[in-house]
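Student: Sequence and predicted structure below; questions after.
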Amino acid sequence: MLRYLIPLVIFVVLAVFLAIGLTRDPHELKSVLINKPAPSFRVSQLKASDKTISNEDMRGKVWLLNVWASWCIACRDEHPYLIEYAKSGVVPIYGLNYKDRREDALAWLGELGDPYTASAVDLDGRVGIDYGVYGAPETYVIDQSGMIRLKHVGPLMPDVWSEKILPVVQELNRQGK
Amino acid sequence: MNNPNEMNKSGREACLRPSNSGGKPLFLTCSFLLSCSILLALICLLAPFAKAQVQEEEVPSDDPVIEQRLANLSRELRCLQCQNQTLADSPAGLAADLRREIRLQMKAGKSDKEIIAFLTQRYGDFILYRPRVTFTTYLLWFGPFVLLLGGLYLLFHYIKQRRDLITEKPLSADEHRRAEELLASIPGKETT
C-alpha cells in the first residue's frame, strides 16, 4: 500500500505547488523600496514647465505617485478611475510622466482629463530607475515622513483601489492624526 | 463603368455577385479584400497607441575597457521588462536606460560591485541572473544536492536489500528438519 501511496503524495504536493505557481504573475515583482525613504527627485513640472517639483514638497501628507505615459496602453485603462479617485479627495495623486514627449502628455491630459495635482517630468527615465520602475503604470503610496509604504504595478482598477490602496492610505492618515 | 466611383465599388460587389467578368477566381478576390479589411481594422485599432516612448539613442562609450566591462556585467543582469533576456541583449527601453546608467557609473569610477549594489537597491535581487546565496535561496542552491544525496541513499539501500535477498544462506538445522517434513508430506513423494 505504502509503495503506491508515496508517489501519489509526492505527485499531489508537486501538483499543488505548480498550481500555485501558475496563479502568480511573474511580472509583479516585490519592490525592495517598501518601508524605505522615497528616492528624492527635483524635476520640472509637466504643466508649469518653469516650475520644479520634488518629493520633498509633499512631506507631511500621504500621497500617491503614479507613473504614467501617453504611450502606455494600460494607463488609458486606469485613467478614468484615477479621475474618480482624485475627485473623491481621499489622497492627492501626483504623476510621474515617464519617458514621454511633453506635447503628447499634455494632449493626453487635455483629451482624457487631468487627475494629477501635478506631474513630474522624467524624460530620460532617470527618476524611474531610482524608483525601480520597470513598466508603467506603477503606483506608489508614500507616507507623511516620505517613506514608500506600498507599490502597485499595473492599472489601478477599482478592485485594486478599494482592496489594496485605500486601506493603506486610510490607515496612514489615521496614524498621522 | 466609366465612373471611377463605380470602378471602386465593383471590387466590393464582386463578392456578392455570382458571375464575375474578371479573370481571377471569385474566392481569391474575396480573401484578398478580407485580408485588406482585417489589416485596415488592425491599423485603426493600433493607431491611437502609436505614440512611442522617448528613447535616447544609445551611444557606446569611446572607452573599450568600459564597453568590455559593460558586456560582461550586463550578461549577468536581467532585463525587468522582458524577464528572460539579459540586459546585454534586450532591446527594451528600460534595458537601454540601465546600460546608459551603468556606462555613466563606470565612467565615474564605480566598481562592478558598487554598480550591482546600486541596481539591487532599486530592483531587488531579481535583477541578478545568478541568485545570491541567502536564507531564502538555500533551497534553490542546495536543494538539488540534497535530492542527489537522498537519491543515492535510496539507491544503495535498495541495492543492499536486494543483495541480501538473492544471496543463498545455508539452512539452519531447524529449517532443514522442517523442509524434510514438508517434502515427506507430499503425497506423490511417498510412493517413490
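Tutor: Arrived safely.

Student: How is residue A:141 assigned, secondary-structure-wise?
Tutor: The assignment at residue A:141 comes out as strand when based on DSSP: H, G, I helix; E, B strand; the rest coil.

Student: for residue A:76, same thing?
Tutor: helix.

Student: Next, count neighbours for it.
Tutor: 16 (other CB atoms under 10 Å in any protein chain shown). In this view, the C-beta of every residue, glycine as well, is placed from N, C-alpha and C.

Student: same question, residue A:39
Tutor: Residue A:39, neighbours per other CB under 10 Å, totals 17.

Student: One more: the one 4 residues further on?
Tutor: Around residue A:43 sit 17 other residues, with neighbours defined as other CB under 10 Å.

Student: Point out the residues in chain B that sit beside chain A.
Tutor: Residues of chain B lying near chain A by CB under 8 Å from any CB of the partner chain: B:49, B:51-56, B:80-81, B:83, B:93-94, B:97-98, B:101, B:120-124, B:126.

Student: Around the closest residue to chain A within chain B, count how many other residues there are.
Tutor: Closest contact between chain B and chain A, by CB to the nearest CB, is at residue B:80 (3.7 Å). Residues near residue B:80, counting by other CB under 10 Å, number 25.

Student: For the residue nearest to it when sequence neighbours are not counted, which residues are in contact?
Tutor: Using CB to CB, 6 or more residues apart in numbering or on different chains and skipping the chain neighbours, the partner closest in space to residue B:80 is residue A:134 (3.7 Å). Going by CB atoms under 8 Å, 6 or more residues apart in numbering or on different chains, residue A:134 touches A:29, A:153, B:80-81, B:94, B:123.

Student: As a check, name the ranges of all helices in chain A.
Tutor: A:2-23, A:73-88, A:102-112, A:126-130, A:158-160, A:166-176 (DSSP state H).

Student: Pick the most deeply packed of the ones you listed.
Tutor: A comparison of the helices of chain A by mean neighbour count, using mean count of other CB atoms under 10 Å in any protein chain shown, puts helix A:126-130 on top with a mean of 20.

Student: what's the following helix or strand after the longest helix seen in chain B?
Tutor: Among the segments of chain B that qualify as a helix by DSSP H, the longest is helix B:138-166. The first helix or strand that comes after helix B:138-166 along the chain, using DSSP states H and E, is helix B:173-185.

Student: export that following helix as CSV, just CAs?
Tutor: Output in CSV follows, covering the C-alpha atoms of helix B:173-185 (Å, rounded to 0.1, in the frame of the first residue of the first chain):
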residue,chain,number,x,y,z
ALA,B,173,19.2,-27.4,11.4
ASP,B,174,15.6,-26.4,12.4
GLU,B,175,14.8,-25.2,8.8
HIS,B,176,16.4,-28.4,7.4
ARG,B,177,14.1,-30.6,9.6
ARG,B,178,11.0,-28.6,8.5
ALA,B,179,12.0,-28.9,4.9
GLU,B,180,12.3,-32.7,5.3
GLU,B,181,8.9,-32.8,6.9
LEU,B,182,7.3,-30.8,4.1
LEU,B,183,8.9,-32.9,1.4
ALA,B,184,7.8,-36.1,3.2
SER,B,185,4.2,-34.8,3.4
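
Student: what does the average pLDDT come to for that helix?
Tutor: In this model, helix B:173-185 has an average pLDDT of 90.

Student: list the buried ones in it?
Tutor: By 16 or more other CB atoms under 10 Å in any protein chain shown, helix B:173-185 has no buried positions at all.

Student: on that earlier part again, so which of the helices of chain A is nearest residue B:154?
Tutor: helix A:2-23 (11.0 Å; CB to CB).

Student: Output the closest one in PDB with nothing but the alpha carbons.
Tutor: What follows is helix A:2-23, C-alpha atoms only, in PDB (Å, rounded to 0.1, in the frame of the first residue of the first chain):
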ATOM      1  CA  LEU A   2       2.700   2.400   1.000                       C
ATOM      2  CA  ARG A   3       4.700   1.900  -2.200                       C
ATOM      3  CA  TYR A   4       1.700   3.300  -4.100                       C
ATOM      4  CA  LEU A   5       0.900   6.000  -1.500                       C
ATOM      5  CA  ILE A   6       4.300   7.700  -1.500                       C
ATOM      6  CA  PRO A   7       4.400   8.500  -5.300                       C
ATOM      7  CA  LEU A   8       0.800   9.700  -5.000                       C
ATOM      8  CA  VAL A   9       1.700  12.000  -2.100                       C
ATOM      9  CA  ILE A  10       4.700  13.400  -4.000                       C
ATOM     10  CA  PHE A  11       2.600  14.000  -7.100                       C
ATOM     11  CA  VAL A  12      -0.100  15.800  -5.100                       C
ATOM     12  CA  VAL A  13       2.400  18.000  -3.300                       C
ATOM     13  CA  LEU A  14       4.100  18.800  -6.600                       C
ATOM     14  CA  ALA A  15       0.800  19.500  -8.400                       C
ATOM     15  CA  VAL A  16      -0.300  21.900  -5.600                       C
ATOM     16  CA  PHE A  17       3.000  23.800  -5.800                       C
ATOM     17  CA  LEU A  18       2.800  24.100  -9.500                       C
ATOM     18  CA  ALA A  19      -0.800  25.100  -9.500                       C
ATOM     19  CA  ILE A  20       0.000  27.900  -7.000                       C
ATOM     20  CA  GLY A  21       2.900  28.900  -9.300                       C
ATOM     21  CA  LEU A  22       0.600  29.200 -12.200                       C
ATOM     22  CA  THR A  23      -1.700  31.700 -10.500                       C
END
